[in-house]
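Colleague: Make a model of this:
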Amino acid sequence: MDSDLIHDLDSDMILDLNYVLIFDISVYGRNMFYWGVLLEEDYLEVPRLCAQGLTYRFLGCVLRALLLVTGLYGSGETIHFVRDGWGHLKYFSETKAHCPLPPEISVKRIVPEHLSTSVREFFRRCCREDVGIMKEMGLDAYRFSISWSRILPNGKVSGGVNKEGVGYYNNLINELLANGIQPFVTLFHWDLPQALEDEYGGFLSPRIVNDFRDYVEVCFKEFGDRVKHWITLNEPWSYAYGGYAVGFLAPGRCSHWQKLNCTGGDSGVEPYLVAHHLLLAHAVSVKLYRQNYLATQKGMIGITLVTNWFVPVSNAKHHQNAASRAMDAMFGWFMDPITTGNYPHTMQSLVGNRLPKFTKMQSEILKGSFSFLGLNYYTASYAAYAPKVNVGKPSYLTDAHTNLSSQHNGVPIGPMTGTSWIYMYPKGFQNLLLYVKKKYSNPLIYITENGVGDTFNNTLLSLKEALNDKGRIDYYRRHLSSLRSAIKDGVNVKGYFAWSLLDNFEWGSGYTVRFGLNFVDYKDGLKRYPKLSAHWFKIFLKKQT
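Modeller: Numbers count the residues shown, from 1 in each chain. Here you go, the predicted structure:
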């Protein structure tokens, strides 16, 4: 390793400011439960082969490494579905249904012989190794999501609780605690049980609220004596927007006139309806926890939201207002209801009767329904005023009367990165945090995702070249510096997740983009090699102990 490339952070960054550094790992390369490990000629084709290209996911040992001001370090995973051994699909989510295995890739090709073991044995080996990595690093928290369909195969308590699934999570939680690692648990990361999608359309129906409440209560009962940190939903904006406005996530719905190859839907109505039911599901879950479990289990419960920062293309008032509307449409859409009990005024005005209304009781349970806010930030966009278009063809995409772009007059908003949609704009990170502090009374915040990927399209790179990720180090240095400035200004940030510790399977790009601090060799037994950025972070962490 070239020591000159390890750019040090200011020594007072943690010691004086007492914030948290958190690493995030997604080891989808280790998870064989649906698509499995693809051969070299296959994995670069996954986005093309999937019906929408962006909607499949592996069951995974996804680890998140986390450093809290209290000295707590941690990790996490997202689980969607699992096969019984390598046989029939036992627990079924809509993500799998939205992107069935294409005929171009056979089961034999995606499950190499040396990895053909039972799911139980493989997962045990995988997680133990990854927990060992965490322990060796001195981490003491692990963030993972629970698969709804793995707990309730039919989506409902009336269909029976899967004891094997509960046992799996109990074993995982106990293994973590035995190694001094605290579990952080996300209850919904977009893996809706297919049975509920088939029965009533999933989050399009208000019936989902009670079914979600029943599901999370099983989790509270079974795991709450040991789990002290709960996240109800991960990025509800992505779920509503991706699944129902543009259709690139399951279930792939949008208005036909948008010509986005959707299976049906209404981009002017369904995203708002789904978001409404997501918010109500969140609120009743928080109310349930606080009323029935908080006193004895003494945990915390929150939500994770994602947003860009929006920069007006000029100081003209109509462009500034456009940037404000864009923030309302992405972030305020969810943040306003959980703080004030209602949607942003701009959305109420522009969306009109297509925006569902909360009853007085619903508004009351929404207001203040979080103990902490998880916040995901990657990039920023230019915002410009846009006149009303497509009269008679309403869509979430145009309701804010705002044009968004990564460039203005041919000039990008920030340096381009190896990820097509991420332009480096660390100032937006600081501005966003100050915005949240001012508008939403300075809530407790964990930065649950922040990072950058490298496009994996050059197979001629040597391993040494692939490990030399100076651009990633620059991204993190700049964003951590902005975070430091925000904390100096009084923002109540207690955690930071760097996405991600290992190269992983990305929702939108499969294996074609690498976000990891550590390189995963998909062609050689999934071996891990630390990138330059991993050395940089390890040195940084070591200096704080």
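Colleague: use CA for all of it now, contacts and neighbours both
Modeller: Will do.
Colleague: Mind jotting down where the strands sit in the stretch 251-400 of the chain?
Modeller: Under the criterion DSSP state E, counting those that start in this stretch, the stretch 251-400 of the chain contains strands at 300-306, 309-312, 373-376, 380-385.
Colleague: How about residues contacting the longest one?
Modeller: Among residues not part of strand 300-306, those counted as contacts by C-alpha atoms under 8 Å, 6 or more residues apart in numbering are 228-238, 282, 286, 289, 294, 330-331, 334-335, 369-377, 448.
Colleague: And for the last one?
Modeller: Surrounding strand 380-385, the residues in contact under the criterion C-alpha under 8 Å, 6+ apart are 308-313, 318-323, 326, 401-408, 413, 422-425, 428.
Colleague: and residue 400, how far is that from residue 267?
Modeller: As judged by C-alpha to C-alpha, to the nearest Å, residue 400 and residue 267 stand 13 Å apart.
Colleague: If you could redo that for residue 279, that was the one I meant.
Modeller: From residue 279 to residue 267 the distance is 19 Å (C-alpha to C-alpha).
Colleague: Please identify which of those two sits among more neighbours.
Modeller: Neighbour count, other C-alpha atoms under 10 Å: between residue 279 and residue 267, residue 267 has more, with 27 against 23.
Colleague: residue contacts, that one?
Modeller: Residues near residue 267 by C-alpha under 8 Å, 6+ apart: 244, 245, 246, 253, 254, 255, 394, 395, 396, 397.
Colleague: Distance to residue 462 and neighbour count for those - can I get that in CSV?
Modeller: Compiled in CSV, the contacts of residue 267 are given as follows (distance: C-alpha to C-alpha, whole Å; neighbours: other C-alpha atoms under 10 Å):
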residue, distance to residue 462, neighbour count
244, 41, 32
245, 41, 29
246, 38, 25
253, 41, 26
254, 42, 29
255, 45, 24
394, 50, 18
395, 46, 22
396, 44, 20
397, 42, 15
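Colleague: Identify the farthest-apart pair in the residues you listed.
Modeller: Farthest apart among these by C-alpha to C-alpha are 253 and 394. That separation is 14.8 Å.
Colleague: Just tell me which of the strands of the stretch 251-400 of the chain ends up closest to residue 200.
Modeller: strand 300-306 (25.0 Å).
Colleague: Alpha carbons of that closest one, as PDB, please.
Modeller: C-alpha atoms of strand 300-306 as PDB (Å, rounded to 0.1, in the frame of the first residue of the first chain):
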ATOM      1  CA  MET A 300     -35.600   2.900  20.200                       C
ATOM      2  CA  ILE A 301     -37.600   2.900  17.000                       C
ATOM      3  CA  GLY A 302     -37.200   5.100  13.900                       C
ATOM      4  CA  ILE A 303     -37.300   5.300  10.100                       C
ATOM      5  CA  THR A 304     -34.800   5.700   7.300                       C
ATOM      6  CA  LEU A 305     -35.400   8.300   4.600                       C
ATOM      7  CA  VAL A 306     -33.400   9.200   1.500                       C
END
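Colleague: Determine how far it lies from the middle of the whole chain.
Modeller: 11 Å (C-alpha atoms, centre = their mean, to the nearest Å).
Colleague: quick one: average confidence on that strand?
Modeller: Taken as a whole, strand 300-306 carries a mean pLDDT of 98.
Colleague: now the helices: where do they sit in the stretch 251-400 of the chain?
Modeller: Taking DSSP state H, counting those that start in this stretch to define them, one finds helices in the stretch 251-400 of the chain at 270-292, 294-297, 317-327, 333-340, 345-351, 360-366, 396-399.
Colleague: Can you give me the buried ones in the fifth one?
Modeller: It stands for helix 345-351. By neighbour count on 16 or more other C-alpha atoms under 10 Å, the buried set for helix 345-351 is 346, 347, 351.
Colleague: Could you export these as CSV, including distance to residue 155 and pLDDT?
Modeller: Converted to CSV, the buried residues of helix 345-351 look like this (distance: C-alpha to C-alpha, whole Å; pLDDT from 0 to 100):
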residue, distance to residue 155, pLDDT
346, 36, 98
347, 32, 99
351, 32, 98
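Colleague: Output the below-cut-off pLDDT ranges for the stretch 351-500 of the chain.
Modeller: Scanning the stretch 351-500 of the chain with the threshold set as pLDDT under 70 gives 390, 455-459.
Colleague: Run a quick neighbour tally on residue 416.
Modeller: Residue 416 has 14 neighbouring residues, counting by other C-alpha under 10 Å.
Colleague: Just give the nearest non-adjacent residue to it, would you?
Modeller: Distances taken as C-alpha to C-alpha, 6 or more residues apart in numbering place residue 423 nearest to residue 416, at 4.8 Å, with adjacent residues excluded.
Colleague: mean confidence score for stretch 161-176?
Modeller: Stretch 161-176 carries an average pLDDT of 91.
Colleague: May I have that stretch as PDB, with CA atoms only?
Modeller: This file holds the C-alpha atoms of stretch 161-176, laid out as PDB (Å, rounded to 0.1, in the frame of the first residue of the first chain):
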ATOM      1  CA  VAL A 161     -45.600 -18.200  12.100                       C
ATOM      2  CA  ASN A 162     -42.600 -19.900  10.600                       C
ATOM      3  CA  LYS A 163     -40.800 -21.300  13.600                       C
ATOM      4  CA  GLU A 164     -37.700 -22.100  11.500                       C
ATOM      5  CA  GLY A 165     -37.500 -18.500  10.300                       C
ATOM      6  CA  VAL A 166     -37.900 -17.200  13.900                       C
ATOM      7  CA  GLY A 167     -35.300 -19.700  15.000                       C
ATOM      8  CA  TYR A 168     -32.900 -18.400  12.300                       C
ATOM      9  CA  TYR A 169     -33.100 -14.900  13.600                       C
ATOM     10  CA  ASN A 170     -32.900 -15.900  17.200                       C
ATOM     11  CA  ASN A 171     -29.700 -17.800  16.400                       C
ATOM     12  CA  LEU A 172     -28.300 -14.800  14.500                       C
ATOM     13  CA  ILE A 173     -29.200 -12.400  17.300                       C
ATOM     14  CA  ASN A 174     -27.800 -14.700  19.900                       C
ATOM     15  CA  GLU A 175     -24.600 -15.200  17.900                       C
ATOM     16  CA  LEU A 176     -24.200 -11.500  17.600                       C
END
